[in-house]
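> let's see this in three dimensions:
(2 chains)
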Amino acid sequence: MSQQTPLHAAHERAGASFTDFAGFDMPLRYDSDLVEHKAVRTTAGMFDLSHMAEIAIQGPDAAAFLDYALSNRLSALAHHQAKYSLLLTESGGVVDDLIVYRLGETEFLIVANAANRQPAVDALKDRVTGFDCVVTDASDHWALIAVQGPEAKTIVEKSGIDIPLALDELKYYRITPGTFHTGTVWIARTGYTGEDGYEIFVPSPGAQALWDELETTGADHGMILCGLACRDTLRLEAGMPLYGHELGLDIAPVQAGLGRVVVAEKERFVGKEALAPGSEGKRVLVGLVAEGKRAPRAGYAVLNGAGDVIGEVTSGALSPTLGYPIAMAFVDPEYAAATSSLTVDVRGSHLGVTVHELPFYQRKKASS
Amino acid sequence: MSVPNNLLYTKDHEWISLEGDVATVGITQYAADALGDVVFVALPTLGDTVSVGTIVGEVESTKSVGEIFAPVAGEVIEANDSVVDAPDTVNSDPYGAGWLIKVRFTTAPEGMDAAAYQALIGD
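Below is the predicted model of the structure:
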């Protein structure tokens, strides 16, 4: 029996097609993947992300603990600032990729992938020994609603959320508190679509009212409800990794192009020992583009000119925005240069592909 | 979910329409909905001889790939080029303009009737 988010009834009413994702019965699409994808790029789309895990870290040592437990320096975060981070194993593999929000001097909120809720909670609780702070799995407490796209700011501004800070002042990767009805909500300028937008944390009992409010307000600005299918093509265009595809226990961060997320100079953190030289020669993540309409898919082999397998596709789709096939793949390092001409075995036929710098799509930045 | 009464169905979610010794084949609305927006269709070459179960084409959405299996043995006498040019026709009109191939057969195909197919998809 799959779990349901607090917004499940709203999705049913809206006619969603559902899929099991990390044990949750989640909207895959409401109507059309392509229409939903385009709405996020041109107006706005709203996603239920309540399946994702929220983990609260509270106590005097919270910042020091996160510097030890995670890959980068979270103690350097200003209040209400966010950072993308990695939870590593002792051997340098990735347990999960996370966003860490600093809510206050001694209070942080971590968002982890739904599928990694238990491993992430377990690892953090295991590592907290000796630190004066508490790790709490707050996933059931919080619902999470994302409004993404060029119209997102207007929609969140016009909704009934009382936000003391002017949204113009809420910079990228920042979070600010607000009030909806009588409950405290947190509005973060983060996302996983390559578009500007917000992720709003709302206590589960109030999620339905906020969803309805945003849907009504958003409808006047071209916003539609969006499922996980378009979330995947949006993040792929934006070159963002997906755990289980571009990230995993047996993939070093540097292979996935995430070397910058690991602050090796830190005196002590889990995974540090494994970061010594050793990933040379290992496959690295690249973007691939092709002509035509057939997309390389996860698991397909990448071949060099001689027909030798030199890599494997991790994600791929016909890009709805660009109109041509795009993919991410791990390839042997000598083929990572943008001049490499390779092929992908698409169910027996060889599709010519070219290495392409990530991301494939970048929005025009109007403001910070 | 639309399951027209006048067609035969396969467990691979294809429909077959019979007219003389020619079978027209497409995918069902259930299959099209499950795929999502169809963005690419590959069809066989005219004159290909196919057996039951031969892979004769592919239907791709942004999310996944579906193979088309010949539900009847015979010769491919027509392929619907207009769905190759406009793959979304498979979603918008799966039983009409979204048909995929026509096969001339010697032995009439077996298939489920609409009621049996409806039971299969739990409709």
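
> other residues contacting stretch A:242-252?
The contact list for stretch A:242-252, computed with Cβ atoms under 8 Å, 6 or more residues apart in numbering or on different chains, reads A:89, A:92-97, A:113, A:115-116, A:232, A:235-236, A:241, A:256, A:258, A:274-275, A:278-279, A:282, A:285, A:298, A:314-315, A:328, A:330. Heads up, the C-betas are built off the backbone N, CA and C, glycines and all.

> near chain A, which residues of chain B are found?
B:33, B:36-37, B:39-40, B:42, B:58, B:60-63, B:65, B:91 (Cβ under 8 Å from any Cβ of the partner chain).

> any quick ChimeraX command for the buried ones out of those residues?
Of the residues of chain B next to chain A, the buried ones can be selected in ChimeraX as follows, counting by 16 or more other Cβ atoms under 10 Å in any protein chain shown:
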select /B:36,37,39,40,42,58,60,61,62,63,65,91
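
> so which of the contacts of stretch A:242-252 also contact chain B?
A:D232.

> gap between the residue at minimal distance from the centre of chain B and chain A?
In chain B, the residue lying closest to the centroid (Cα atoms, centre = their mean) is B:G26, at 2.1 Å. Summarising the geometry, the distance separating B:G26 from chain A, computed by Cβ to the nearest Cβ, to the nearest Å, is 20 Å.

> and the residues of chain B next to chain A, which two are furthest apart?
Taking Cβ to Cβ as the measure, the residues of chain B next to chain A span a maximum distance of 20.3 Å, between B:D33 and B:A42.

> confidence score at the closest residue to A:G316 other than its chain neighbours?
Closest residue in space to A:G316, ignoring its immediate chain neighbours: A:A327 at 3.3 Å, by Cβ to Cβ, 6 or more residues apart in numbering or on different chains. The model reports A:A327 with a pLDDT of 98.

> just checking, what packs against the helix or strand encompassing A:A327?
A:A327 is part of strand A:325-331 when elements are defined by DSSP states H and E. For strand A:325-331, the elements it packs on are helix A:228-237, strand A:284-290, strand A:309-318, strand A:341-346, strand A:349-356, judged by 3 or more Cβ pairs under 8 Å, 6 or more residues apart in numbering or on different chains; DSSP states H and E.

> please identify the most buried of these.
The highest mean neighbour count among those, using mean count of other Cβ atoms under 10 Å in any protein chain shown, belongs to helix A:228-237: a mean of 25.

> residues from the stretch 151-300 of chain A in reach of chain B?
The stretch 151-300 of chain A comes close to chain B at residues A:229, A:232-233, A:293-295, A:297, as judged by Cβ under 8 Å from any Cβ.

> so which of those residues would you say is closest to chain B?
Set against chain B, the nearest of those by Cβ to the nearest Cβ is A:K293 (4.2 Å).

> wait, the closest one sits on A:L318?
Yes. Judged on Cβ atoms under 8 Å, A:K293 makes contact with A:L318 at a distance of 5.7 Å.

> can you list residues touching both of those two?
By Cβ under 8 Å, 6+ apart, the residues touching both A:K293 and A:L318 are A:324-325, B:39-40, B:60.

> OK, contacts around the residue of chain A most remote from its centre?
When distances are taken from the C-alpha mean of chain A, A:A306 lies farthest, 36.3 Å away, according to Cα atoms, centre = their mean. By Cβ under 8 Å, 6+ apart, the contact list for A:A306 is empty.

> from B:W99, how far out is the residue nearest to the centre of chain B?
Using Cβ to Cβ, to the nearest Å, one obtains 4 Å as the distance from B:G26 to B:W99.

> neighbours of A:V263, just the number please.
In terms of burial, A:V263 registers 16 neighbours under the definition other Cβ atoms under 10 Å in any protein chain shown.

> which SSE is it in?
Short version, using DSSP H and E: A:V263 is in no helix or strand.

> so who does it touch?
For A:V263, the contacting residues are A:71-73, A:269, by Cβ under 8 Å, 6+ apart.

> export these to JSON lines and append columns for neighbour count.
Converted to JSON lines, the contacts of A:V263 look like this (neighbours: other Cβ atoms under 10 Å in any protein chain shown):
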{"residue": "A:S71", "neighbour count": "29"}
{"residue": "A:N72", "neighbour count": "22"}
{"residue": "A:R73", "neighbour count": "16"}
{"residue": "A:F269", "neighbour count": "21"}
